[in-house]
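> no sequence on this one, just coordinates:
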């Protein structure tokens, strides 16, 4: 009978360790430095696109390209696909999409004529 308490004690110890490990992992703080180089870890790259927005203006030719010209701010935005806007040249439109600020290009989701 004395021999049976040792396996029970070992089993209890193993179960305790396996129960505590996940709780410790949940409370762990994220690493801010790479332990091998002691350099700050890079944060995930943020998207160069903003949220979906509405852009209002006139579709005009700018050289050989079609652009959305915001008349209130005199800003011209390139569009990702000129085929989507070619039927709206000279018309006031509202384009819904996301802006790639690094290239000043609107990723067109939808387009509609405004009066």
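Looks like it came in fine. Model, not experiment: these values are computed from the prediction.
> Near residue 114, how many other residues are there?
Per other Cβ atoms under 10 Å, the neighbour tally for residue 114 reads 11. Bear in mind the C-beta positions are built from the backbone N, C-alpha and C, glycine included.
> Return the residues in contact with it.
56, 92-94 (Cβ atoms under 8 Å, 6 or more residues apart in numbering).
> which of the residues you listed tops the neighbour count?
residue 93 (17 neighbours).
> unless I'm mixing things up, that one is touching residue 66, no?
No: using Cβ atoms under 8 Å, residue 93 is not in contact with residue 66, being 11.3 Å away.
> Common neighbours of these two, please.
59, 85.
> Dump the contacts of residue 114 into a markdown table; add pLDDT as well.
Below are those laid out as a markdown table (pLDDT from 0 to 100):
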| residue | pLDDT |
| --- | --- |
| 56 | 96 |
| 92 | 97 |
| 93 | 98 |
| 94 | 97 |
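> Tell me which of those residues fall in strands.
Counting by DSSP state E, the contacts of residue 114 place 56, 92-94 in strands.
> Farthest-apart pair in the contacts of residue 114, please.
92 and 94 (8.2 Å; Cβ to Cβ).
> And the helices in this structure, which stretches?
5-27 (DSSP state H).
> For it, just list every one of the strands.
Under DSSP E, the chain gives strands at 53-62, 65-70, 75-79, 92-100, 105-113.
> what's the closest of those strands to residue 86?
strand 65-70 (6.4 Å).
> what packs against that closest one?
Secondary-structure packing of strand 65-70 (3 or more Cβ pairs under 8 Å, 6 or more residues apart in numbering; DSSP states H and E): strand 53-62, strand 75-79.
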